[in-house]
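*Asks:* just need the structure, nothing else, for what follows:
(chains A and B)
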Amino acid sequence: MSVIGDRQQLAYIAAQAADARVNVELETEGMTLNIGPQHPATHGTLRIIARLDGEQVIWAEPSAGYMHRGYEKLTEVRTYPQVTALINRIDWLGSFANEVPFILAAEKLMGVEAPPRAQHIRTILFELSRIANVSLFLGDLGVQMGAITPVFFAFRDREYVLNLIEGATGGRFHPNFDRIGGLKDDLPAGFIDETRMVMKKLRIFCDEIEGLLFGNEIFQSRTRGIGVIPKDVALQYGLSGANLRASGVDWDLRRDQSLPMAWDKVDWKVWTHPDGDSFARCWIRLQETREATKIVDQLLDTIPSGPVMAKVPKIIKVPEGEAWVSTENPLGEMGYYVVSQGDQGPFRVKIRSASFNNISIVPWVLKGVYVPDIITILASLYFILGDIDR
Amino acid sequence: MSPLSSTTDSTTDAPRDDVRETEIARITSALGDGVVDSMVKPHDDMWIRVTADSWMNTAETLKSLGYTYFCFISAIDWMPSPFGKGEDDPTEPVPERDMSIKQGYTGGATRFQVLARLTQPQTSLGVNIKADVDESTMSIQSWTSVFAGANWHERETWEMYGIVFAGHPDLRKMYLPMDFEGFPLRKDFPLLARIVKPWPGIVDVEPMPGDDDQEEGTAS
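*Replies:* Prediction:
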């Protein structure tokens, strides 16, 4: 088996090293373009190796692994409450959302359900991390195409959301706030009024970005009809989240599966777009940010009273069993397959992160595009390095 | 709606989940002899275990049954870790451990199992698919021709567990250096961080503040 591997690896090195003649008819020289791992356009350290024929990409491959931290191995030597500290760092822009599916999986195995108030606050913080995550995307999107202003708007308004998250959890980026059976703490005083105000600001921010970017002619010509992913291809690559809905699949895990969370208690809409191009993916995310602010607003009106923590033993032992829980995270479907053997720590945790699947389509979607479009397509697919490598 | 509490009741009282029961019946009848075992947790999830030979057929059949969304492929090493939780004191002899294999849902006969999940986007029903991997060959068919997204997942599984996916177009390492030896997610692969520097928890014997008070309370 190592023979197969080595031979292919040698072929791979050779392909990288040689600037082979790729178009024999026109006698043009092929060229291998290496983007990253340290490059301003890659946001994160994703390295892309593209072989070009003139300006056109004939073969492209992302090279993952620059940030592989081996979380699946590390979970095996940790207890359940310790695992949340690790998985916070998978998608570091929406950390709280990472904790939720894992905690739900552990709760499912233990047969514990968080009290209604905790479920409600979880959903609020979940949506706040979505807003924090996607607002950065909306600002960053401009930078990829040379527009500098949106990113300042985005960082300004994201800060308000991060302050809220920090106020409630104590951590701006890594809250580590979710516990098996509920939450570490109740909401701080003044959180509700402050959040209402911030949600108003965020809706204004969405309008600004829509005016600045989405109505912009350059933006439209750089994204419309570029990087089209049809529905069936998106499904078989396991694309999820906004990337899937931009290809016309009306599927949102917040709406379509029943979890002990509060999404079913509010009125909101799942946006889809038929085009499947870069523009559609960006547009869906903009709409989802708006929708998230509406979800938060409605949830703030209806927070039930009661405790935020169910009765769970001090030392948590999870009974034998297997559970799969996935949620609609900012980047897409994030799920944990937890295998427990009745220990204090999990036996095996498979982390299914959204970006891993979302980026695995890159070799397919980059085939035949032009070099400047590599950047916009990657930006519109939206990935977080930690979410690819885990 | 309270899907969690329904699973916590004793299984006899749990309400029957007709949707998933009919779905699993549809899957098992379509797969025929390929299915070794199947399981439904009411209002939760479905599991099937298929023979290694029908692994490819399973993907094709499920895809035609509407399971068009590819979620993931991975594997499970069912052997208990010979290193425990990596919290052994290096100065002490290695403690005795129960190394008998406890298989999970739908059982199994081998140390390694591949685990995959496919979902029906229309209904959000998902099925977890397992198959035994024979340790002498450590090989199973590749799903890449059915689900293109399996490509990276199979590469990752091969790298981490050493399971070869026959028919994979490009089985090379994703994360590790190319000359790396060993398969890190196997249970007998030590977590080197814990070997190099023992877990500080074993020397940290300071009691928690709460426990301290209690001791004083009982003493006085």
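
*Asks:* check contacts around residue A:55.
*Replies:* A:370, A:371 (Cβ atoms under 8 Å, 6 or more residues apart in numbering or on different chains). Where C-beta positions appear, they are placed from N, C-alpha and C, glycine not excepted.

*Asks:* hang on, I meant residue A:186
*Replies:* A:117, A:121, A:308.

*Asks:* mind putting the residues you listed in a markdown table, neighbour count, distance to residue A:228 and secondary structure included?
*Replies:* Formatted as a markdown table, those follow (neighbours: other Cβ atoms under 10 Å in any protein chain shown; distance: Cβ to Cβ, whole Å; DSSP: H, G, I helix; E, B strand; the rest coil):
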| residue | neighbour count | distance to residue A:228 | secondary structure |
| --- | --- | --- | --- |
| A:117 | 20 | 45 | helix |
| A:121 | 26 | 40 | helix |
| A:308 | 21 | 46 | coil |
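
*Asks:* out of the residues you listed, which one has the lowest pLDDT?
*Replies:* Here the lowest pLDDT out of the contacts of residue A:186 sits on residue A:308, with 86.

*Asks:* chain B: helices as residue ranges?
*Replies:* B:3-8, B:18-31, B:55-64, B:150-161, B:192-196, B:209-219 (DSSP state H).

*Asks:* what's the answer for the stretch 51-200 of chain A, then?
*Replies:* A:71-74, A:80-87, A:95-110, A:116-144, A:149-169, A:191-209 (DSSP state H, counting those that start in this stretch).

*Asks:* nearest to residue B:131 among these would be which one?
*Replies:* Relative to residue B:131, the nearest member of the helices of the stretch 51-200 of chain A by Cβ to Cβ is helix A:71-74, separated by 19.7 Å.

*Asks:* what's the closest one packed up against?
*Replies:* helix A:80-87, strand A:348-352 (3 or more Cβ pairs under 8 Å, 6 or more residues apart in numbering or on different chains; DSSP states H and E).

*Asks:* so how far is it from its chain's centroid?
*Replies:* 19 Å (Cα atoms, centre = their mean, to the nearest Å).

*Asks:* if we can go back for a sec, so which of the contacts of residue A:186 would you say is closest to chain B?
*Replies:* residue A:117 (15.6 Å; Cβ to the nearest Cβ).

*Asks:* return the most buried member of the helices of chain B.
*Replies:* Across these, averaging neighbours per residue (mean count of other Cβ atoms under 10 Å in any protein chain shown) puts helix B:150-161 on top, at a mean of 24.

*Asks:* close to chain A, is that one?
*Replies:* Yes - counting by Cβ under 8 Å from any Cβ of the partner chain, chain A has neighbours in helix B:150-161: B:151, B:152, B:153, B:158, B:160.

*Asks:* what's the closest of these to residue B:127?
*Replies:* Looking at the residues of helix B:150-161 next to chain A and their distance to residue B:127, the nearest is residue B:153, at 16.2 Å (Cβ to Cβ).

*Asks:* distance of the closest one from residue B:147?
*Replies:* 9 Å (Cβ to Cβ, to the nearest Å).
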